[in-house]
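Q: what follows is a protein structure lacking sequence information:
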C-alpha cells in the first residue's frame, strides 16, 4: 500500500476550485512568452492568445486526453515569420502579410502530421535510431539554457541604452525566484501544487509599492472585444520560408514527450498506479502538434509548440491533469475576449515573470539530463560525446552570440536550436554505421 502522494495523473480531475487555481497557474506561465511571440511577429495579441487555447483543446481532443501538454506560440518560427510580415516589435503587421504567413504555418503543420504518421507506421524503435536520447536530451538542455539569457536580462530590468540594471527589478525578481523555490520545496498538500502561482503573486504584490505595476491600461478599450481574426492566403514564398522549420522542431517536441513520460511515470509509481506509456505516443503527439498549428493559423495565430514552461510547472507540482490544461485553454480563450482581464495579466511586471522563469527554464534543462539518465546514455562512448557536444555548442553558442539566435551560414540565417537539432540528427546517422570506441 503506497503512502498518499499529492499530485494528479493525466486522467485524474481535481475538484472545481482546485481546478481553476491550477489552470490559472498554467495560464500565467505561458502568457508572457505567447504574447511576446505575437509582438515580435506582428500578429494580433488577443488573436494569438485565443489561438493558443483553441489549439490546446484541439490537441487534447486529437490525443484523446492521453498527453498532458499545453500549446503555445513557438520561438523557432519567429525569424521565418518576420521575413514574411516584416514586423517591428509591438507593431501589428498588415492583414495581407499576416494571411500569407498563416498559409506557411498551415503547411508546416502538415509536415508534423506526416512525421507523426511515419512514426506511427514504422514504430518507436526505428524512430529512436534517428532521435536517440543523446539527441533529445541534449536538445532539451539547449532549449532550457538558451532561454537563460532572456530570463536574466528581463529579470534585471536591463536597459540596453545605458547598460544598467534596475535595483527595483532585481529585488522583485529575486524575491519571486526565492519564494517560488521555497514554496515548491516546503509547501505541503494542495499548496505544494501552486508554487508558481504563489511566487508570482508575492512578486506582484511587492512590485506595486515599488511602482512597477501600471494599472492605468487595465480599463482601456472596450469591455468585450472579439479577437481580430484573419484568413490565410496562398503564398508559396511563405511556405518555402516557414515550412522547413517544422522538420527541425520535431526533436524539440520529442524531447518534451520523453520528459513527460519520465515525470508522469515517477508519479504513477509513487501512487501505486499503472504505468502510463506516454513515450510510445510520439506519432500521436506529432499529429496533435501539426493539427494545433493548422487550427491556430486558421484563425490568425502563429505556429506553436508544446510549452516547456507548462511542462516544468507540471513537473514541479506533480500535476499532469489534462482537465487542468483543458480548463486553462478555455479560460485563455475567454480572456482574449475580455479586455480588462487580458490587460490585467499584462500588468504583471517582467521581473516577476522572469524571476519565476529563472527556475522554470533551468528545470527544462535539467529534464534533458533526466532523459539521458533514465535512458542510461553511456557518456564514455565517443559517438554519444560527439553528438552531445555538437548540439550543446551549436545550440547554445548560436543562441547567445548571434542576434536573435540566427546563425549566419552560407548566405542564410539559420535558427540556432533548429540547426543544432538537424546537425545532431545527421551526425547521429553518420556515426551509426560502425561501433565507436569508448573513451578511456
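A: Received, thanks. Here the structure is a predicted model, which means the values were calculated and not measured. Numbering: from 1, shown residues only.
Q: could you pull out the strands for the chain?
A: Remark: strands assigned in the chain by DSSP state E are 71-73, 304-306, 406-409, 412-415.
Q: could you dump those to CSV with mean pLDDT, distance to residue 292 and mean neighbour count?
A: Placement of C-beta: from N, CA and C, glycine included. Formatted as CSV, the strands of the chain follow (pLDDT from 0 to 100; distance: least, Cβ to Cβ, whole Å; neighbours: other Cβ atoms under 10 Å):
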stretch, mean pLDDT, distance to residue 292, mean neighbour count
strand 71-73, 86, 5, 31
strand 304-306, 84, 6, 27
strand 406-409, 86, 24, 15
strand 412-415, 78, 19, 18
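Q: what's the closest of the ones you listed to residue 115?
A: strand 304-306 (13.7 Å; Cβ to Cβ).
Q: packing partners of the closest one?
A: In this structure, strand 304-306 makes packing contacts with helix 45-62, strand 71-73, helix 245-271, helix 282-298, judged by 3 or more Cβ pairs under 8 Å, 6 or more residues apart in numbering; DSSP states H and E.
Q: pLDDT score for residue 4?
A: Per-residue pLDDT puts residue 4 at 54.
Q: tell me, how many neighbours does the nearest residue to residue 174 once chain neighbours are set aside end up with?
A: Nearest non-adjacent residue to residue 174, counting by Cβ to Cβ, 6 or more residues apart in numbering: residue 355, 6.6 Å away. Residue 355: 29 surrounding residues under other Cβ atoms under 10 Å.
Q: rewinding a little: mean pLDDT lowest for which of the helices and strands packed on strand 304-306?
A: Across these, helix 245-271 gives the lowest mean pLDDT, at a mean of 83.
Q: you'd agree residue 140 is up against residue 257?
A: No. Using Cβ atoms under 8 Å, residue 140 is not in contact with residue 257, being 10.5 Å away.
Q: who has more neighbours out of these two?
A: Taking other Cβ under 10 Å, residue 140 and residue 257 do not tie; residue 140 has more neighbours (29 against 23).
Q: please name the nearest non-neighbouring residue to the more buried one.
A: Nearest to residue 140 is residue 368, by Cβ to Cβ, 6+ apart, at 3.1 Å.
Q: show the pLDDT at the one you found.
A: Note on residue 368: pLDDT of 82.
Q: correct me if wrong: it contacts residue 256.
A: No. Under the criterion of Cβ under 8 Å, residue 368 is not in contact with residue 256, lying 10.3 Å apart.
Q: quick check: neighbours shared by those two?
A: Between them, residue 368 and residue 256 share these contacting residues under Cβ atoms under 8 Å, 6 or more residues apart in numbering: residue 140.
Q: re earlier: ok, which of the strands of the chain comes nearest residue 349?
A: strand 71-73 (20.3 Å).
Q: so what touches that closest one?
A: Among residues not part of strand 71-73, those counted as contacts by Cβ under 8 Å, 6+ apart are 30, 33-34, 37-38, 48, 52, 55-56, 59, 289, 292, 296, 301-307, 309-310.
Q: excluding chain neighbours, what is closest to residue 114?
A: Per Cβ to Cβ, 6+ apart, closest to residue 114 is residue 290, 7.8 Å.
Q: I'd guessed that neighbour sits against residue 113; true?
A: Yes. With contacts counted by Cβ under 8 Å, residue 290 reaches residue 113, the gap being 3.6 Å.
Q: so those two - more neighbours on which side?
A: Neighbour totals were compared for residue 290 and residue 113, and residue 290 leads with 25 against 21 (other Cβ under 10 Å).
Q: residues contacting that one?
A: Counted by Cβ under 8 Å, 6+ apart, residue 290 has contacts 108, 109, 110, 111, 112, 113, 114, 115, 116, 246.
Q: hang on, the earlier thing: the residue nearest to residue 140 - how many residues pack around it?
A: Residue 368, neighbours per other Cβ under 10 Å, totals 26.
Q: center of the protein, which residue is that?
A: The geometric centre of the chain, computed from its C-alpha atoms, lies nearest to residue 307 (Cα atoms, centre = their mean), at 2.2 Å.
Q: dihedrals phi and psi, that residue?
A: The phi and psi values for residue 307, taken as degrees, to the nearest 10, are phi -80, psi 130.
Q: any idea how far residue 71 is from it?
A: According to Cβ to Cβ, to the nearest Å, residue 307 and residue 71 sit 7 Å apart.
Q: my guess is residue 49 contacts residue 334. True?
A: No. Counting by Cβ under 8 Å, residue 49 does not reach residue 334; the two are 10.0 Å apart.
Q: count of neighbours near residue 94?
A: By other Cβ under 10 Å, neighbour count at residue 94 equals 13.
Q: hmm, I typed the wrong one, I wanted residue 100.
A: So residue 100, with other Cβ under 10 Å, has 24 neighbours.
Q: run through the residues that contact it.
A: By Cβ under 8 Å, 6+ apart, the contact set of residue 100 is 84, 232, 233, 235, 237, 238.
Q: how about residue 26: what's its closest non-neighbour residue?
A: Sequence neighbours aside, residue 328 is the residue nearest to residue 26 in space, at 4.1 Å (criterion: Cβ to Cβ, 6+ apart).
Q: got a pLDDT number for the one you found?
A: Note on residue 328: pLDDT of 95.
Q: how many neighbours does it have?
A: 26.
Q: and for the one 4 residues further on?
A: Applying other Cβ under 10 Å, we find 27 other residues in the vicinity of residue 332.
Q: against residue 311, how distant is it?
A: 17 Å.
Q: dump the strands of the chain to a markdown table, plus distance to residue 9.
A: Output for the strands of the chain, formatted as a markdown table (distance: least, Cβ to Cβ, whole Å):
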| stretch | distance to residue 9 |
| --- | --- |
| strand 71-73 | 20 |
| strand 304-306 | 18 |
| strand 406-409 | 40 |
| strand 412-415 | 35 |
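Q: residue 169: how many residues sit nearby?
A: 24.
Q: from residue 235, how far off is it?
A: Residue 169 sits 41 Å away from residue 235, taking Cβ to Cβ as the criterion.
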